[in-house]
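K.L.:
here is a sequence with its predicted model. Questions after.
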Amino acid sequence: MSCGRLHVKIKRVCARKRSRDVFKTHLNSVRKQGRGGGREAGSTPCLPSRRSSSTMAEHRAVEDCSDSEDLFGDYDSILGDTSILAKLEEAEQHERLRSENLQSFRTQQLTADPMPQSPKGPLIDSVFHELEDKAFDDLPTSQLQFQEQIQDQAKKSKPQVQSKTSTPSHTEAAVETNFEDGSRKHSKARRSVADLLKKTMLGNAATPVGVSRTALLKEAVVSEEISVAMQAMENISAETPDLGPFFGLPSKVKELMHKLRGIQKLYDWQEACLNLECVQQRRNLIYSLPTSGGKTLVAEILILRELLCRRKDCLFILPYISLVQEKVRGLATFGLELDFMVEEYAGSKGKFPPVKRRNKRSLYIATIEKAHSLVNSLIESSRLNHLGLLVVDELHMLGDGSRGAVIEMTLAKVQYMSKATQIIGMSATLGNIQDLQTFLGAENYTNDFRPVQLKEHVKLNDTIYEVDLKEENCFRFSRMLNYKYSSSMQKIDPDHIIALVTEVIPLHSCLVFCPTKKNCENVAGMICKYLKEDFLQHREAEKAVLLQELKASGNGSMCPVLRRTVPYGVAYHHSGLTAEERKLVEEAYSRGVLCLLACTSTLAAGINLPARRVILRSPYVAMDFLKRSQYKQMVGRAGRAGIDTIGESILILQEKDRSMAKELVCAPMESCYSNLMQDDGKGILSLILSLIGLNISSSLQQVEQFLRGTLLFVQQQQLCVERSLWDTVQRCVATLREKELITITGTHSPSLQVTRLGRAAYKGSVDLSYCSVLYKDLLKGLEGLQLSSHLHLVYLVTPYNLVPQCNPDWMVYFRQFTLLSASEQKMSAAAGVPESFVAQKAAGQTVNKSVDLVAVKRMYLALVLFSLLRDTDVWAVADRFQLTRGFVQTLLSSASAFCCCVLHFTEELEELWPFKALLLELSRCLSYCVKAELIPLMEVTGVLEFRAKQLYNAGYRTLSHLANADPAVLCRTLEHLYQKQANLMVASAKMLLNEKAAALQEEVDELLTLPADLPAQQH
């Protein structure tokens, strides 16, 4: 055995990792335990050609690193390796064969050499020679100090001998006795190496007093390493198993982070947050940091740990569809590499309840509204316990109107129904974070870290002041603005925006936040009017490509403002852009093709687009003065991590706003309050209805008990001033009864039950204000359902909430009305919109006949949607109806989402059965609004119409085609497609294909599974 090297790896999995330089395990020969002689450092060597290393396992050296670094190389799981005992058994068998050939040589050595050999013979001695000691240089510091003391004592007490062979500090008589005993046993069966090692692993409680302290120390090292390995095996089946060195995750996760995100090391605050005791023990946590501090990465690591280690599903709630789609694309590759599903719940996407998977875990990435519906479906199907982790981004949106109420309902239900589900909230800094902690039973971690230093400034006239809270008036003089303006420029740009932006562009990026959408377009145009010709030459070819893409995305149409500003590297960004325009502008800005965006405040809350300098054109959003949270969100975009060393913001002020601006930049953060009581208690009404419908509560007392777990209950002293919470509950129950959404039976202990209409309302997530109206409209529609075209169905799913924003152009209305067929006009009249009324309004005549204006405006919006389904061209339809293309796209996406709600609504009402099949197909049409052949490609997250056409024309016509495509080939085949975009697109296609295939497989497995309640078979 001494001629080869025995490699045995003990892999550790331990929640409490310790920093070491090298991990090696050493074993002592049996002689060192006092049971016989043995070789030490100066022992007679084996044959020179057979000399081998004495380490049990030789690992590559690793650095002293933190939990975020890879301590164990390619380690994944202790279960994936052969056990140490099995490897030693194999080594023993190999050595036994070799020893037979060396028997005669050993016999001659025994007679010739006056020094005795090991009583265990060549087999045991040779095997353990492989496990001898080397220097203890690689031990931990605490053990090294002890080892040095032992060595010093050993040198003083070491006996002097004549022979070249050194012996342990035992008596010669003991050695001779052991040799004689060993000689008598030499012919007997030798003890198994595995048995000896097992005995070593169990400890040395019976070790004789004569054993050297060096031997005891080394034996302690072995025992410690063995105990670590055993602890690792126990942890595999523990509540939170530790699968590797990257915060409990396999090394592969760290490699993916580096490969896909360029992340090599976490920030100190991220490591500290991930190592918090409450995180390790899976308690709820709220952590607050400034914008761009890296909050999302911590959440993603916790999600991966839940998916891979605990094998539980996760829900990630984001505020906007664009953020959901961006996150789905970003995590699709992780899902493919680490074998979990990434499912999108936004707009019309998402299945309720989700597909039940037996072998794979799912990460649901959802908007606020979709997440609430998802949680309801999991509760109803008794599967909420499968949800291990819920992460909420922008938790401070709890105080944001009706959407905040939906977040509160979702979190309260999860807390009440599943004690095992951990809740993690990411929030901006709040003034009353303690209320949120009480609501969620959570701990709070706060840090003011920013990867790039931020310097805040305000500009007043020609002077720039730095924000300094130490100053009496919060502003400290910084510099005078040095830029020569002509009289004409001064009139056009009195705020000196051109001077401020040209200090940084085109070499650096700049964001200019404007109070209105129209102001964004005006500012972009004004800046370009006075930029030098040099700006046209900067990245000229790439800007020409961007112009081509913008034109292609509009089917030949292009915004005149963008046509004029893009050559200068300038664009605007607001909700008036189409989805394709917005995506192209964002990607061009991220790559540096565009150096300046004039944008509204929505950009700060949406996708991350940082800049070297952020300019706030005014301290207003429309007519409202900025809130501190909005201000912080905007200026937080200043400073690009990894690119800039500093970020700066400049707030442009007028003298009249100076005092209010001082409060804005210096005041503490706003507080966050429950919105369940807003809009006449609309939120609490919906909550109580769903509690009764989901069988969470069936009495007033149970409803009250549930409400004790809400933010409203925590803040009832501030919010329930006019009426107590208990009175509010009773009033809401009475209102629900009046609306015929619930019934109350019994007198002494009334029982609450949901009606069919009530069940349809909460399952369809229909606003209770429109619930009865929707039901009546659908019933009325059934009486004369016109199916010769989509118009009647489109009218029934046109969102009620957009009606107030509609101001019809009556001439356009009449012109489009006359283009309808006779059956379509008849349907319109039946809905309450006769041709005569539209004609009179178009002629400017006074209409005496009473007409429902809500139905009239809703029909106008339905005509817009009807035209979109026929033409699939947003630009053409917007021009035809004299609307902005942004509004047309908003109408389309809202109608698509509302169609899904109506579909779920009708599924609960038998009398509306015809709509189930009809609305399913209509929902698909409204979701994509493209030709049918492009829909399979448009289902892939991030693939819009322009790209789908490119793929289709290049031969990639199905989901399978795209999922199996080579990203490099796609880049060569499609114009203006970058490698990163191709990688994300193919990964998203693969994830979607896997999701569909897995759903079909689950269905097959379900069909083939033997029913648990199968009646006993008679023989």
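P.N.:
Perfect, I can see it now.
K.L.:
from here on, contacts and neighbour counts on C-alpha atoms
P.N.:
OK.
K.L.:
buried set for stretch 805-813?
P.N.:
Pro808, Trp810, Met811, Tyr813 (16 or more other CA atoms under 10 Å).
K.L.:
pull the distance from that stretch to the chain's centre.
P.N.:
43 Å (CA atoms, centre = their mean, to the nearest Å).
K.L.:
check stretch 568-577 too.
P.N.:
Taking CA atoms, centre = their mean, one finds the center of stretch 568-577 at 28 Å from the center of the full chain.
K.L.:
if we can go back for a sec, from the buried residues of stretch 805-813, which is closest to Gly330?
P.N.:
Pro808 (41.3 Å; CA to CA).
K.L.:
how near is the closest one to Arg479?
P.N.:
52 Å (CA to CA, to the nearest Å).
K.L.:
try Ile692
P.N.:
Separation of Ile692 from Arg479 (CA to CA): 63 Å.
K.L.:
cool, Lys763 as well?
P.N.:
From Lys763 to Arg479 the distance is 60 Å (CA to CA).
K.L.:
would you mark the buried spots in the lengthiest helix in the chain?
P.N.:
Assignment by DSSP state H gives helix 979-1008 as the longest helix of the chain. Neighbour-count burial for helix 979-1008, counted by 16+ other CA under 10 Å, picks out 981-995, 998-999, 1002.
K.L.:
equivalent analysis for stretch 655-671, please.
P.N.:
Ala661, Lys662, Leu664, Val665, Met669.
K.L.:
pick out the lowest-pLDDT one from these.
P.N.:
Within the set of the buried residues of stretch 655-671, pLDDT is lowest for Met669 (82).
K.L.:
is it true that that one lies in a helix?
P.N.:
No. Using DSSP: H, G, I helix; E, B strand; the rest coil, the assignment for Met669 is coil, not a helix.
K.L.:
contacting residues for it?
P.N.:
Thr429, Leu430, Gly431, Arg628, Ser629 (CA atoms under 8 Å, 6 or more residues apart in numbering).
K.L.:
give me the phi and psi for the first one.
P.N.:
By that I understand Thr429. Backbone torsions for Thr429, taken as degrees, to the nearest 10, come to phi -60, psi 130.
K.L.:
that one and Glu394 touch, don't they?
P.N.:
No. In this structure, Thr429 is not within contact of Glu394 by CA atoms under 8 Å, at 10.4 Å.
K.L.:
tell me which of the two has more neighbours.
P.N.:
Higher neighbour count among Thr429 and Glu394: Thr429, with 22 against 16, using other CA atoms under 10 Å.
K.L.:
hang on, the earlier thing: what about the contacts of Met669, which are in helices?
P.N.:
Those of those lying in helices (DSSP H): Arg628, Ser629.
K.L.:
which of Ile692 and Arg479 has more neighbours?
P.N.:
Using other CA under 10 Å as the criterion, Ile692 and Arg479 rank with Ile692 on top: 23 against 12.
K.L.:
quick one: that one from Arg305, how far?
P.N.:
35 Å.
K.L.:
kindly report the same for Asp852.
P.N.:
56 Å.
K.L.:
higher neighbour count, the two?
P.N.:
Neighbours around Asp852 and Arg305, counted as other CA under 10 Å, are more numerous at Arg305. The numbers are 24 against 11.
K.L.:
give the contact list for the more buried one.
P.N.:
Arg305 sits in contact with Gly248, Leu249, where contact means CA under 8 Å, 6+ apart.
K.L.:
and for Leu511, the neighbour number?
P.N.:
Neighbours around Leu511, by other CA under 10 Å: 29.
K.L.:
for Val773, that is, sorry about that
P.N.:
12.
K.L.:
and it, which of the three is it?
P.N.:
Val773 - assigned by three-state DSSP - is helix.
K.L.:
measure it to Tyr795 for me?
P.N.:
13 Å.
K.L.:
what do you get for Thr502?
P.N.:
Counting by CA to CA, the gap from Thr502 to Tyr795 is 50 Å.
K.L.:
neighbour count winner among the two?
P.N.:
When Thr502 and Tyr795 are compared for neighbours, Tyr795 comes out ahead with 23 against 16, by other CA under 10 Å.
K.L.:
that one: what's it in contact with?
P.N.:
Arg858, Met859, Ala862.
K.L.:
can I get those in a markdown table including secondary structure, pLDDT and neighbour count?
P.N.:
Below are the contacts of Tyr795 laid out as a markdown table (DSSP: H, G, I helix; E, B strand; the rest coil; pLDDT from 0 to 100; neighbours: other CA atoms under 10 Å):
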| residue | secondary structure | pLDDT | neighbour count |
| --- | --- | --- | --- |
| Arg858 | helix | 95 | 24 |
| Met859 | helix | 96 | 25 |
| Ala862 | helix | 96 | 24 |
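K.L.:
thinking again about what came up before, and the buried residues of stretch 805-813, which two are the farthest apart?
P.N.:
Pro808 and Met811 (8.7 Å).
K.L.:
center of this protein, which residue is that?
P.N.:
For the chain, the residue nearest the mean C-alpha position is Glu300 (4.6 Å; CA atoms, centre = their mean).
K.L.:
which helix or strand contains that residue?
P.N.:
Per DSSP states H and E, Glu300 falls inside helix 295-308.
K.L.:
any idea of the mean pLDDT in that helix?
P.N.:
95.
K.L.:
outline the domain layout of the chain.
P.N.:
251-446, 453-666, 681-756, 769-929, 931-1009 (the TED database).
K.L.:
chain center to the longest one, what's the gap?
P.N.:
A distance of 29 Å separates the centroid of the chain from that of domain 453-666, by CA atoms, centre = their mean.
K.L.:
spatially nearest residue to Phe837 (excluding sequence neighbours)?
P.N.:
Val847 (7.0 Å; CA to CA, 6 or more residues apart in numbering).
K.L.:
got phi/psi on Asn695?
P.N.:
phi 60, psi 30.
K.L.:
report how many residues lie close to the nearest residue to Arg737 once chain neighbours are set aside.
P.N.:
In this structure, Arg737 finds its nearest non-sequential neighbour in Thr743, 6.0 Å apart by CA to CA, 6+ apart. A count of neighbours around Thr743, defined by other CA under 10 Å, yields 17.
K.L.:
so what's Thr743 bridging to?
P.N.:
Under the criterion DSSP bridges, Thr743 forms beta bridges with Gln753.
K.L.:
which residues does it contact?
P.N.:
Arg737, Leu752, Gln753, Val754, Thr755.
K.L.:
isn't the last one right up against Leu741?
P.N.:
Just to be clear, that refers to Thr755. Yes. Thr755 lies in contact with Leu741 (CA under 8 Å); the separation is 5.3 Å.
K.L.:
of these two, who's got more company?
P.N.:
Each of Thr755 and Leu741 has its neighbours counted (other CA under 10 Å); Leu741 has more, 24 against 17.
K.L.:
what stretches of the protein score poorly on pLDDT?
P.N.:
Low-confidence segments of the chain (pLDDT under 70): 1-243, 1018-1019.
K.L.:
re earlier: the helix or strand just after the helix holding Glu300 pairs with which strands, parallel or anti?
P.N.:
Next helix or strand after helix 295-308 toward the C-terminus (DSSP H and E): strand 313-317. Here strand 313-317 is paired, per DSSP bridges, with strand 362-366 (parallel), strand 387-392 (parallel).
K.L.:
next, format those strands as JSON lines and append distance to Leu562.
P.N.:
What follows is the strands paired with strand 313-317, written out as JSON lines (distance: least, CA to CA, whole Å):
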{"stretch": "strand 362-366", "distance to Leu562": "32"}
{"stretch": "strand 387-392", "distance to Leu562": "36"}
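K.L.:
out of these, nearest to His573?
P.N.:
Using CA to CA, these put strand 362-366 closest to His573, at 24.1 Å.
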